[in-house]
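Visitor: next input, structure requested:
(one chain, ligands or ions: 1)
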Amino acid sequence: MMDWTDRHCRYFLRQLSPGVQLYTEMVTAAAIHHGDADRLLRFDAAEHPVAVQLGGSDPALMTEAAAKAAAAGYDEININVGCPSDRVQSGQFGACLMATPHIVVDCFKAMCEITDVPVTIKSRIGIDDNDSYEYLRGFVDPLAEAGCRKFIVHARVAILEGLSPKENRSVPPLKYEYVYRLKAELPEMEIILNGGITDVSQVREALDHVDGVMIGRQAYHDPYFLAVLEQDFLSGVQLPDRRSVVESMLPYVESQLAEGERLNRITRHMLGLFAGQPGARAWRRTLSEHAHREGAGIDVIKRALDALPQAA
Ligand SMILES: Cc1cc2nc3c(=O)[nH]c(=O)nc-3n(C[C@H](O)[C@H](O)[C@H](O)COP(=O)(O)O)c2cc1C
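Guide: Residues are numbered from 1 along each chain as shown. The predicted structure follows:
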């Protein structure tokens with residue numbers, strides 16, 4: 001998620017869930033070509049398994065980006081066919097590519113030629129008035145034929161004109177049944193459901209139909225949810241104590257500060273850790289008020305922990 005799941009956020013989420021597959025923000029192939037690819041693709045070894053999401057529609061640029069992502073060590077390379085923003089549309093990639101599956105196929109094939117890292121697709125179920133199940137199949141089938149084996153489907157259409165990206169994540173109705181049918185009809189594919197998942201019972205229900213779920217906003221706003229899921233679905237996993245999660249971040253935070261990173265670049269992703277717990281507000285307030293200050297160090301995090309009631 002742009003501006004949210006940066007490398008610091010992913011490192012933090014990994015402390016909560018050893019097993020979950022993490023995804024980067026979308027990185028455009030053009031940015032990798034023109035910009036500082038090493039910085040854009042940087043991640044910590046602790047983040048594995050981690051997928052990079054690429055945005056683009058030029059097979060040459062996408063191939064170059066895939067080669068660099070593979071060399072950087074990513075475990076999966078995902079193509080964004082779901083973003084409806086104006087900026088992305090004007091670059092002719094993201095969700096609007098659902099209308100031109102052959103372009104995605106060209107990118108997919110070219111990328112697979114230069115790497116063995118699995119290339120996967122994240123799409124919507126359709127765009128604008130093209131909201132039938134058949135439309136989704138019309139997009140998926142040529143990619144499946146080209147060898148794509150994993151599809152992550154955000155189960156709502158993207159409205160390309162008239163809705164903001166934020167509205168495009170809530171206004172069009174969720175149609176999980178399309179994604180379930182996709183798996184039923186293409187059982188050899190790995191189908192991952194995305195959109196609107198906020199609790200364990202929804203995950204349980206979805207896993208009766210599909211191979212996995214992708215969780216966006218809930219994992220960001222209430223990151224402990226990932227720990228709860230891990231404990232619920234993997235036997236023998238203990239729920240981590242929230243304070244110990246914070247403590248496990250301290251060496252990482254210190255190493256990043258030593259490189260010149262600002263404290264709040266990391267702690268901004270940790271604000272939701274105590275969501276719903278006593279002291280959540282004091283935790284957030286201490287971090288929000290002090291972590292952005294020049295020279296702020298890990299003592300701010302320790303103070304935020306001290307602001308919590310003992311039991312939290
Ligand atoms: C701030 C923000 C940024 C996002 N950026 C991306 C992105 O870069 N790539 C992507 O595929 N989806 C992006 N999304 C969409 C989410 O990945 C997800 O598809 C959507 O929020 C629905 O899932 P959820 O209900 O679990 O959040 C973003 C969502 C948010 C809230």
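
Visitor: and the closest residue to the ligand within the stretch 201-312 of the chain, what's its pLDDT?
Guide: Nearest residue of the stretch 201-312 of the chain to the ligand: Gly216, at 2.7 Å (Cβ to the nearest ligand atom). The way it works is simple: take the backbone N, C-alpha and C, and place the C-beta from them, glycine included. Gly216 is assigned 98 on the pLDDT scale.

Visitor: and it, what is it in contact with?
Guide: Taking Cβ atoms under 8 Å, 6 or more residues apart in numbering, we find Gly216 in contact with 1, 194.

Visitor: quick one: it from Ser244, how far?
Guide: 26 Å (Cβ to Cβ, to the nearest Å).

Visitor: state the mean pLDDT of the helix or strand where Phe12 lies.
Guide: Element membership of Phe12 [criterion: DSSP states H and E] is helix 7-16. Mean per-residue pLDDT for helix 7-16: 98.

Visitor: that helix packs against which elements?
Guide: strand 22-28, helix 224-233, helix 242-258, helix 263-267 (3 or more Cβ pairs under 8 Å, 6 or more residues apart in numbering; DSSP states H and E).

Visitor: quick one: name the residues of the stretch 101-250 of the chain near the ligand.
Guide: Residues of the stretch 101-250 of the chain lying near the ligand by Cβ under 6 Å from any ligand atom: 122, 154, 169, 194-197, 215-218.

Visitor: the same query, at a cut-off of 5 Å, please.
Guide: Residues of the stretch 101-250 of the chain lying close to the ligand (Cβ under 5 Å from any ligand atom) are 122, 154, 169, 194-196, 215-217.

Visitor: sort out for me which of the residues you listed are in helices.
Guide: Assigned to helices by DSSP state H, the following of these qualify: Arg217.

Visitor: buried only: go through the residues of the stretch 101-250 of the chain next to the ligand for me.
Guide: 122, 154, 169, 194-196, 215-216 (16 or more other Cβ atoms under 10 Å).

Visitor: quick check: the farthest pair among the residues you listed?
Guide: Pairwise distances across these peak at 15.4 Å for Lys122 and Gly196 (criterion: Cβ to Cβ).

Visitor: which of the helices or strands spans Val88?
Guide: Here Val88 is assigned to helix 86-90, by DSSP H and E.

Visitor: I'd like the next helix or strand past that helix.
Guide: Immediately after helix 86-90, counting by DSSP H and E, sits helix 101-114.

Visitor: convert the C-alpha atoms of that following helix to CSV, please.
Guide: What follows is helix 101-114 as a C-alpha-only set of coordinates in CSV (Å, rounded to 0.1, in the frame of the first residue of the first chain):
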residue,chain,number,x,y,z
PRO,A,101,-5.1,-8.2,-21.1
HIS,A,102,-2.8,-8.8,-24.1
ILE,A,103,-0.5,-6.0,-22.8
VAL,A,104,-0.4,-7.6,-19.4
VAL,A,105,0.3,-10.9,-21.1
ASP,A,106,3.2,-9.4,-23.0
CYS,A,107,4.7,-8.0,-19.8
PHE,A,108,4.1,-11.2,-17.9
LYS,A,109,5.8,-13.3,-20.6
ALA,A,110,8.8,-11.0,-21.0
MET,A,111,9.3,-10.9,-17.2
CYS,A,112,9.1,-14.7,-16.9
GLU,A,113,11.8,-15.0,-19.5
ILE,A,114,14.4,-13.2,-17.4
